[in-house]
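>>> The sequence isn't on hand, but the structure is:
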């Protein structure tokens, strides 16, 4: 049965790594739901976080192939219950909409932060899970939502050990 998995893999800066990753996924006809690349706790290393919906067997094979084919140090795969994760979104709304009582309630409920206020529009920032962000986006549409942008997932594995412990063994 298919489920949502987050793959986290660590690598040094390599030319063409995103392309190599895309090729492995496209050969298997697997789409990224989210892709995030960032520095990590080890100097000179990068953490890739990829969200997919696939079977456990497919994800396990994908992780093994990532380690073997593109020389990543380690590729982890986890269910949503095994990770701590979040996303951030920026919303641009007409400034007049911010005065509506319902918008004020939504901002409080989702712990929204004002990022930028202009006469014509206001930008607010919210950090939450994707389902909550989708609900808020739907609600704000009724108040003249001008545009929004959502970050990819950021995630940490719920384990007392991190990649640094394993990396020291390489």
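Good, I have the coordinates. Just so it is clear, the model here is predicted, and its values are computed rather than measured. Residues are numbered from 1 along each chain as shown.

>>> Could you list the low-confidence segments of this structure?
162-170 (pLDDT under 70).

>>> In it, which residue is most central in space?
residue 153 (1.0 Å; Cα atoms, centre = their mean).

>>> The helix or strand harbouring residue 122 pairs with which strands, parallel or anti?
Applying DSSP states H and E as the criterion places residue 122 in strand 121-128. Here strand 121-128 is paired, per DSSP bridges, with strand 83-94 (antiparallel), strand 113-117 (antiparallel).

>>> can I get the ones you listed in CSV with mean neighbour count and distance to residue 133?
For glycine as for every other residue, the C-beta is placed from the backbone atoms N, C-alpha and C. Listed next are the strands paired with strand 121-128 as CSV, based on neighbours: other Cβ atoms under 10 Å; distance: least, Cβ to Cβ, whole Å:
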stretch, mean neighbour count, distance to residue 133
strand 83-94, 18, 5
strand 113-117, 12, 14
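
>>> Could you dump the ones you listed into a markdown table and include distance to residue 4?
A markdown table is the format used below for the strands paired with strand 121-128 (distance: least, Cβ to Cβ, whole Å):
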| stretch | distance to residue 4 |
| --- | --- |
| strand 83-94 | 10 |
| strand 113-117 | 27 |
